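Visitor: Just need the structure, nothing else, for what follows:
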Amino acid sequence: MHFLKGLVVSLLPFSALAAKKPAADPFETFHSKALSSTPLKLDDSLYGKLTTAPRDYAVAVLLTALESRFGCQLCREFQPEWELLSKSWIKGDKKGESRLIYGTLDFTDGKNTFQSLGLQTAPVLLLFPPTIGPHAAADSGPIRYDFTNGPQSAEQAHFWITRHLPDRLHPQVVRPINWVRVIAATTTILGTITFLSVAWPYLLPIIQNRNVWAAISLIAILLFTSGHMFNHIRKVPYVAGNGKGGVSYFAGGFSNQYGLETQIVAAMYGILSFATISLALKVPRISDPRTQQVAVIIWGAVIFVMYSFLLSTFRIKNGGYPFWLPPFA
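Guide: Below you'll find the model as predicted:
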């Protein structure tokens, strides 16, 4: 009996020390789990434990709906970027110096959380700042990330998180090497070099041909002088109605233009250019004087008619233009 009493008395100091043993740090518990699997897969209960106050750490939680029956395309597009961000962060902060935990709560596992937050759409990214400690925020409420601009990248989410968590470690996003792209690019480069080495004797005469470069330059000049760039910048309509049940091919005023109008003007410029080049280069080489005279008349008539059409078109754009030529008055 005396032995048992002495044994109990001797164990009392150890039991007191055990009672005073501090509780485990919640951040260390979650961080140790994140080292093996990040972002943490949450449910309603784990979400509550992770985000409950007071906390001396930050939490970034993605509320998403990945199952196909929900039809959330944006959720499926952002999920790989979210996983890349969390894995890059935990890889660069294995000691937990940033005091940040990443988690994902799917709708199937967190219906009560979605309902309590009043969420009707997904994905939703929430950042819970610390409520106590040196980095505690004045407002303990979560900060919401905006997905209104469509799919976001891991770098964009990383910038947003680091902006709200200053004065701490910010591991960078590290994308894995895309070996498929590297192999495809290498194959393409080697194939191009092989093709050029084989076809170069045949390509060189074409590249050095002055007529080819003259044709390319002429086509480019016709495209840009007819308003091709204007159409791409302003996104103009191809044609428009004239208010009388018909189609208007030319828009009045210098600040308006239709797509078909550009093509018509380019065709007029092209015909005028071809006629002028023929008069200057082709006609003088005709040896028969009578044939040469006929060619001059024909090309001169083409230039006259097309230039008259061009003036009439210009008068549509500028109603006060006083000049005209028949047959387009």
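
Visitor: Every contact and neighbour count from this point should use C-alpha atoms.
Guide: Noted.

Visitor: Skipping adjacent residues, who's closest to Tyr321 in space?
Guide: Arg315 (5.5 Å; CA to CA, 6 or more residues apart in numbering).

Visitor: Report the secondary structure state of the one you found.
Guide: helix (DSSP: H, G, I helix; E, B strand; the rest coil).

Visitor: now the helices for the stretch 101-250 of the chain?
Guide: Counting by DSSP state H, counting those that start in this stretch, the stretch 101-250 of the chain has these helices, from start to end: 111-117, 154-164, 179-207, 210-225, 228-234.

Visitor: okay, and for the protein, where does confidence drop off?
Guide: Applying pLDDT under 70 to the chain flags the ranges 1-24, 329.

Visitor: just to revisit the earlier point, so for Gln293, which of the helices of the stretch 101-250 of the chain sits nearest?
Guide: Closest of those to Gln293 is helix 210-225, at 26.3 Å (criterion: CA to CA).

Visitor: by contact count, what packs against the closest one?
Guide: helix 259-277 (3 or more CA pairs under 8 Å, 6 or more residues apart in numbering; DSSP states H and E).

Visitor: What is the burial count for Gln156?
Guide: 11 (other CA atoms under 10 Å).

Visitor: Now name the helix or strand holding Leu35.
Guide: Secondary-structure assignment from DSSP states H and E places Leu35 in helix 26-36.

Visitor: can you list contacts of that helix?
Guide: Applying CA atoms under 8 Å, 6 or more residues apart in numbering, the contact partners of helix 26-36 are 40, 56-57, 90, 94, 96, 99, 101-102.

Visitor: Mind listing what's buried along it?
Guide: 27, 30-31, 34-35 (16 or more other CA atoms under 10 Å).

Visitor: Stretch 53-72 too?
Guide: In stretch 53-72, counting by 16+ other CA under 10 Å, buried: 55-66, 72.

Visitor: same deal with stretch 311-329?
Guide: 311-315, 317, 324.

Visitor: Can you list the neighbours in contact with it?
Guide: Counting contacts by CA under 8 Å, 6+ apart, the residues outside stretch 311-329 that touch it are 250-254, 305, 308-309.

Visitor: Which parts of the stretch 51-200 of the chain are strands?
Guide: Secondary structure of the stretch 51-200 of the chain (DSSP state E, counting those that start in this stretch): strands at 58-64, 100-106, 124-128, 143-145.

Visitor: and the angle for the first one with strand 124-128?
Guide: So the one you mean is strand 58-64. If you take axes from the mean of the first three to the mean of the last three CA atoms, to 10 degrees, strand 58-64 sits at 170 degrees to strand 124-128.

Visitor: buried stuff in stretch 119-126?
Guide: 122-126.
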